[in-house]
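>>> okay, predicted coordinates and the sequence, questions at the end:
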Amino acid sequence: MSPSALPSPRTALIGAARQRPCTLVVCRGCCCGDPRKHPGFDHAWQLERLRAAAAEHGFQVRTTDCLGPCDQANVVVVQPSAAGRRAGGRPTWIGFAMDEDCTEEIAGWAAAGGPGLAEPPVTLELQFIAPPRPEIRKRGRR
C-alpha cells in the first residue's frame, strides 16, 4: 500500500470516537448551580431538562465541578460530536446560562447536531464566552 493510500490520522477514528455524540458539559462547582449565589434560578430543573432532552435526542450531558469563569455563571460547554468535529466544529463556551430560554436553545442546538453540524441560535451566540486559560481552569467530572 502506498503512503498516500493510508488514512490520515485526523480521519482514522476508532471505537467510540467514531460515533461520539454532541456533549454538554454543565458546570456545577462553587458558583454555577449554587442557589445561594443565584437564588432565583432552579438549577436542578436546568440539569433535569438538559438530561431529558439528551435522552430524547441522543446527545450527552455531563457535569463538572468547575470550568473556571465563575463571574459568568452558569457555564455550559457544547462539545461537538465526532461528525461535528470532522466538519470543523469546536467546543463552544456559553456563559450566563440561567434562564429557561437559554436552556431550551442549548438543548435545541445539541439536538440539531451542535457545533460543526448546526448553526446556533443567534440569541445564544450573544452568550458565547472565551474559555479560560488552561492554567486557570480546574476540572473534575462527576
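On my side now, so go ahead.

>>> now do stretch 110-124, average pLDDT.
Stretch 110-124 shows an average pLDDT of 97 in the prediction.

>>> pLDDT below threshold where in this structure?
Within the chain, the ranges that satisfy pLDDT under 70 run 1-17, 135-142.

>>> could you point out which element follows the helix ranked longest in it?
For the chain, the helix with the greatest residue count under DSSP state H is helix 43-57. Next in sequence after helix 43-57, counting helices and strands by DSSP states H and E, comes strand 60-64.

>>> do you know how far residue 73 is from residue 18?
Per Cβ to Cβ, to the nearest Å, residue 73 is found 34 Å from residue 18. C-beta: built from backbone N, CA, C; applies to glycine.

>>> if we can go back for a sec, tell me the buried residues in the longest helix of the chain?
43, 46-47, 49-51, 53-54 (16 or more other Cβ atoms under 10 Å).

>>> with stretch 59-72 instead?
Neighbour-count burial for stretch 59-72, counted by 16+ other Cβ under 10 Å, picks out 59-61, 63-64, 66-70, 72.
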